[in-house]
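**Q** Need coordinates for the following:
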Amino acid sequence: MPRLTEHRPGFYPQPNDWTCGPFALKHALAALGKLVDAREIKDIARSHWWSGTDEIQLARAARAFDCDLVLERRRDPEAARKMLMRFLREQTPVLLCVDEWTHWITVVRFEDSRFVIIDSEDDPVLNVVTWAQLRTRWRYHDTDYDKNDPPVIYDLLAVVPRTRTTVKADFHVERVKFLRRPENHGLALHWDEYVEDLLEICRAPSARISDPLSMGEFLRRHQELLVSRIVYWHGDIEREAIIRILRNFRFVAETYDLVIPRSATRRAVADLAILVTMWVVASRGLDEMYGLGKTAEAAPRAAKAKGSRAPKNGARNAARHNGAAITPAAAARIRARLRSRRARARRPGRSGPARRAR
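**A** Predicted coordinates:
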């Protein structure tokens, strides 16, 4: 199923005023390297337009993605701050219900007396706030306990994975400032796409990986080859545009501390070349090649008329070379089919190269 424009995959504002809970959990899972659509969380949590999503519903959704929500409550603001910092030092994202328990946000990092939050009501959603700003929004006056002198409480929900997680995002302040720039809006918007593709190419650092290459070092060695060959073969794309896409790959890889095993260098070069070429074709189009296009339109129909099977990729090639550029929607459908095949290849019982088939 192709992606819909109104449900984009990365960091973007919530489309209404009652899905802040699913978006907050989506952002927490993204910080743990788990890429989930907010619509899926909403359906599992059974969010409602009238009542939104409470902590019980969010806990149900978190369990569906192998995480638990750990509830902590403090009444003293300093004790609450220390508790929050303890989770953040362990790179455990935290959900806070703020604004007198009317809105959910995600806190992912503490750095130099500032907190990095992801607030789906804002645009851009990533932001940096001080402790005073966060404390003011976080505290809740419990008027159900005492209407005249309500006590103040600070609740948090830590999103704790049930299994050891080796891929975690490090959204430090400078990275957030970079993502907030208008020219990087596309990177933030399609964040999950970059992460998903990089998880196929890279690995988390491990003692079992000997002499790994960072994405920065990998591109220092191979970027010129990638850029020059793609520019040469397509002929209608600027070098700067390709370099910008490769820069985005590097930024995301460094955010999750992903590396490339030296033994997988050649495959990584091929993977990146294919991915960037797909992006170029999706954005700039492709002319007819090797006789495929209008002149070959009748061939699949003739094959079907004779009862024989059409070539495996015939329909896709015919659509691609039908005298017009690939539209973004068509490119999205192709990527969706590739992801579907990749998911089937990862099912239990499959092993060897089929598990890695793109």
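
**Q** mind listing the strands for the chain?
**A** 67-74, 94-98, 103-111, 114-118, 126-130, 140-141, 152-161, 213-214, 259-260 (DSSP state E).

**Q** among these, which is nearest Ile44?
**A** For the strands of the chain, the distance to Ile44 is smallest for strand 67-74, at 12.2 Å, taking CB to CB. Where you see a C-beta, it was placed from the backbone N, CA and C, and this is true even at glycine.

**Q** for that closest one, what is the average pLDDT?
**A** In this model, strand 67-74 carries a mean pLDDT of 97.

**Q** domains of this structure?
**A** The record's domain split for the chain, according to automatic domain parsing, is 20-161, 173-356.

**Q** which of these has the lowest average pLDDT?
**A** domain 173-356 (a mean of 78).

**Q** okay, now Leu126: neighbour count?
**A** 22 (other CB atoms under 10 Å).

**Q** which ones are touching the closest residue to it other than its chain neighbours?
**A** Excluding the flanking residues, the one nearest Leu126 by CB to CB, 6 or more residues apart in numbering is Val176, at 4.8 Å. If a contact means CB atoms under 8 Å, 6 or more residues apart in numbering, then Val176 has Val116, Leu126, Asn127, Val128 as its contacts.

**Q** can you check Ala253 too?
**A** Here Ala253 is in contact with Leu198, Cys202, Ser214, Met215, Val259 (CB under 8 Å, 6+ apart).

**Q** Which residue comes closest to it once chain neighbours are left out?
**A** Nearest residue to Ala253 in three dimensions, chain neighbours excluded: Met215, at 3.8 Å (CB to CB, 6+ apart).

**Q** go on, Asp122?
**A** In space, Asp122 is closest to Pro13, 6.8 Å off (CB to CB, 6+ apart).

**Q** could the strands of the chain be laid out in JSON lines, adding distance to Glu183?
**A** Shown next, in JSON lines, are the strands of the chain (distance: least, CB to CB, whole Å):
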{"stretch": "strand 67-74", "distance to Glu183": "34"}
{"stretch": "strand 94-98", "distance to Glu183": "30"}
{"stretch": "strand 103-111", "distance to Glu183": "23"}
{"stretch": "strand 114-118", "distance to Glu183": "20"}
{"stretch": "strand 126-130", "distance to Glu183": "15"}
{"stretch": "strand 140-141", "distance to Glu183": "38"}
{"stretch": "strand 152-161", "distance to Glu183": "31"}
{"stretch": "strand 213-214", "distance to Glu183": "24"}
{"stretch": "strand 259-260", "distance to Glu183": "27"}
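
**Q** Bridge partners for the closest residue to Ala62 other than its chain neighbours, pull those for me.
**A** Nearest residue to Ala62, sequence neighbours excluded (CB to CB, 6+ apart): Leu69, at 5.1 Å. Note on Leu69: beta-bridge partners Val159, judged by DSSP bridges.

**Q** Could you pull up the contacting residues of Leu69?
**A** Counted by CB under 8 Å, 6+ apart, Leu69 has contacts Glu55, Leu58, Ala59, Ala62, Leu95, Leu157, Ala158, Val159, Val160.

**Q** 10 Å - rerun?
**A** By CB atoms under 10 Å, 6 or more residues apart in numbering, Leu69 lies in contact with 25, 28, 55-56, 58-63, 94-95, 156-160.

**Q** What separation do you get for it and Val125?
**A** Applying CB to CB, to the nearest Å, the value for Leu69 to Val125 is 21 Å.

**Q** Equivalent analysis for Tyr12, please.
**A** Tyr12 is 7 Å from Val125, by CB to CB.

**Q** what's the overlap in contacts for these two?
**A** In contact with both Tyr12 and Val125: Phe23, Ala188, using CB under 10 Å, 6+ apart.

**Q** all helices in this structure, in order from the N-terminus.
**A** 20-31, 38-45, 55-64, 77-89, 131-138, 173-180, 185-189, 191-201, 215-234, 239-255, 265-284, 298-305, 314-320, 328-345 (DSSP state H).

**Q** Of those, which is nearest Asp146?
**A** Checking these against Asp146 by CB to CB gives helix 77-89 as the closest, at 18.4 Å.

**Q** list the helices and strands that closest one packs on?
**A** Where contact means 3 or more CB pairs under 10 Å, 6 or more residues apart in numbering; DSSP states H and E, helix 77-89 is packed against strand 67-74, strand 94-98, strand 103-111, strand 114-118, helix 131-138, strand 152-161.

**Q** buried sites along that helix?
**A** For helix 77-89, the neighbour count (16 or more other CB atoms under 10 Å) marks Ala80, Arg81, Met83, Leu84, Phe87, Leu88 as buried.

**Q** Those into CSV, with extra columns for distance to Leu272?
**A** Converted to CSV, the buried residues of helix 77-89 look like this (distance: CB to CB, whole Å):
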residue, distance to Leu272
Ala80, 44
Arg81, 42
Met83, 42
Leu84, 38
Phe87, 35
Leu88, 33
